[in-house]
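**Student:** give me the fold of what follows.
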Amino acid sequence: MQIYKVGGAVRDRLLGKPVTDIDWVVVGASTEDMLAKGFRPVGSDFPVFLHPKSGEEYALARTERKSGRGYGGFTFHASPEVTLEEDLIRRDLTINAMAEDDQLNLTDPYHGQRDLEARVLRHVSPAFAEDPLRVLRVARFAARYASLGFTVAPETLELMRQLSESGELQALTAERSWKEISRALMEDQPQVFIQVLRDCDALKVLMPEVDALFGVPQPAAHHPEIDTGVHTLSVLEQAALHKQPLTVRWACLLHDLGKGLTPEEEWPRHIAHEYKGLKPIKAVNERFKAPKDCQELALLVGQYHTHGHRALELKASTLLELLQSFDVYRRPQRFEEFIAACEMDARGRKGFEQRSYPQADYLRGAANTARGVAVQPLLEKGFKGPELGEAIKRERLKALKAYKDTASA
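**Tutor:** Just a heads-up that it's a prediction; the model follows:
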């Protein structure tokens, strides 16, 4: 029995990056051997065991064969005769197909170290094209390592394109897709993830609503970058630079989907794109079964982001309606995330990246003003039920008018 550290732990050690997750492969052992040493089996798809002391996962070396469509369409074979090289060749990228023993001796049959040095993401074997999830994984790795200069090898991009055109991507489950998408959006350069998906024609299969934004012009005065798709990538880039949470990044990706529905004869104007965008935003939300908080914020940002930009011009009554829509009294964090998404949208324009966004503090002040209206005096005056609700609304409107007058003075 020989035990090797494989995959990401080896890759990141060689890159000088922190090693978080460690994958172990056991060569020359059977299920019985593992059980005899106190390992506990987990799952039924293939032989994976938990270490009796550390609890880390150890997998028997295995081969795999395509047996159906999609990510799960494989049969696995594990036995003591499977070699380390046979186990490594089934992996996605050469940089993930290296192993090392406890003496740090490297096993690198597919030249992963060479590709690390060349900053190339390259598939290990033609079997890469058997697993559609790898399209998303490679795009995610491109986003993670873009800052180090990594790019996708042309021949790997071509295999990804073939997968995109094969119909296999439709076989991915919403859960598996969302897991990759959400992880990719939280990388340092999530815009690279979307760009790579577009480069291999996967974006038009997975998110045609986002793909439709590329080539759609906007008024140059507000959008010097012109192209709506380019703007979307820039907004996502700003969200990552400002360390925004997943909810905000997801909203940033989807906020302008309505512009993809504007008839060409109306370009570069996009009248009512906020409302037109709600249907496609909902469609993307549902396709990937995004978490509820991501879905809600994406829809609210899509509908109200231009309100955010025009905050200082809004009438007090419109401002109150905006605050009510977000339920700022019980959901203050959601409104804060809306403000963040609006600011990222404003900064995601060529030459506007460093501009101040006074609307942010103005909106925060408005929310605090509305929240500051005391209910007790109204109760003491005898208001109750629907009448109380109307009285609170009147007081909040009065407070917002005073806030607006003070802010503009």
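
**Student:** where does the prediction get shaky in the stretch 101-250 of the chain?
**Tutor:** For the stretch 101-250 of the chain, applying pLDDT under 70 flags no range at all.

**Student:** where do the helices of it begin and end?
**Tutor:** 112-118, 133-145, 154-166, 174-185, 190-199, 203-206, 208-211, 228-241, 246-254 (DSSP state H, counting those that start in this stretch).

**Student:** please name every helix or strand in contact with the third one.
**Tutor:** In this case it means helix 154-166. The contact analysis (3 or more C-beta pairs under 8 Å, 6 or more residues apart in numbering; DSSP states H and E) places helix 154-166 against helix 133-145. Where you see a C-beta, it was placed from the backbone N, CA and C, and this is true even at glycine.

**Student:** nearest to Ala78, of the helices of the stretch 101-250 of the chain?
**Tutor:** Taking C-beta to C-beta, helix 133-145 is the member of these nearest to Ala78, at 20.7 Å.

**Student:** tell me the mean pLDDT over the one helix or strand Asp33 maps to?
**Tutor:** Assigned by DSSP states H and E, Asp33 falls within helix 31-36. Helix 31-36 comes out with an average pLDDT of 93.

**Student:** for that helix, what is the distance to the chain centroid?
**Tutor:** Computed by C-alpha atoms, centre = their mean, to the nearest Å, the chain-centroid distance of helix 31-36 equals 40 Å.

**Student:** what packs against the lengthiest helix in the chain?
**Tutor:** Longest helix in the chain, counting residues (DSSP state H): helix 385-408. Other helices and strands packing on helix 385-408, by 3+ C-beta pairs under 8 Å, 6+ apart, are helix 316-326, helix 359-371, helix 376-380.

**Student:** ok, which of those comes nearest Cys294?
**Tutor:** Proximity to Cys294 (C-beta to C-beta) singles out helix 316-326 among the helices and strands packed on helix 385-408, at 15.4 Å.

**Student:** which of the residues in stretch 378-387 are buried?
**Tutor:** The neighbour-count check on stretch 378-387 (16 or more other C-beta atoms under 10 Å) flags 378, 383 as buried.

**Student:** what's in contact with it?
**Tutor:** With contacts defined as C-beta atoms under 8 Å, 6 or more residues apart in numbering, stretch 378-387 is touched by 388, 391-392, 395.

**Student:** first-to-last residue distance for that stretch?
**Tutor:** 10 Å (C-alpha to C-alpha, to the nearest Å).

**Student:** avg pLDDT for that stretch?
**Tutor:** On average, stretch 378-387 scores 90.

**Student:** from here on, count from 407
**Tutor:** Yep, numbering from 407; the last one is stretch 784-793 now.

**Student:** chain center to that stretch, what's the gap?
**Tutor:** Chain-centre distance of stretch 784-793: 46 Å, with C-alpha atoms, centre = their mean.

**Student:** do the same with stretch 571-582
**Tutor:** 17 Å.

**Student:** tell me the buried residues in that stretch?
**Tutor:** 574-575, 577-578, 582.

**Student:** and the residues you listed as a markdown table, adding distance to Arg770?
**Tutor:** Listed next are these as a markdown table, based on distance: C-beta to C-beta, whole Å:
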| residue | distance to Arg770 |
| --- | --- |
| Glu574 | 47 |
| Leu575 | 42 |
| Ala577 | 45 |
| Leu578 | 40 |
| Arg582 | 38 |
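
**Student:** now Gly778: closest residue in space, sequence neighbours ignored.
**Tutor:** Distances taken as C-beta to C-beta, 6 or more residues apart in numbering place Ala805 nearest to Gly778, at 7.0 Å, with adjacent residues excluded.

**Student:** I misspoke; the intended subject was Gly714.
**Tutor:** Spatial nearest neighbour of Gly714, chain neighbours left out: Cys748 (3.3 Å); criterion: C-beta to C-beta, 6+ apart.
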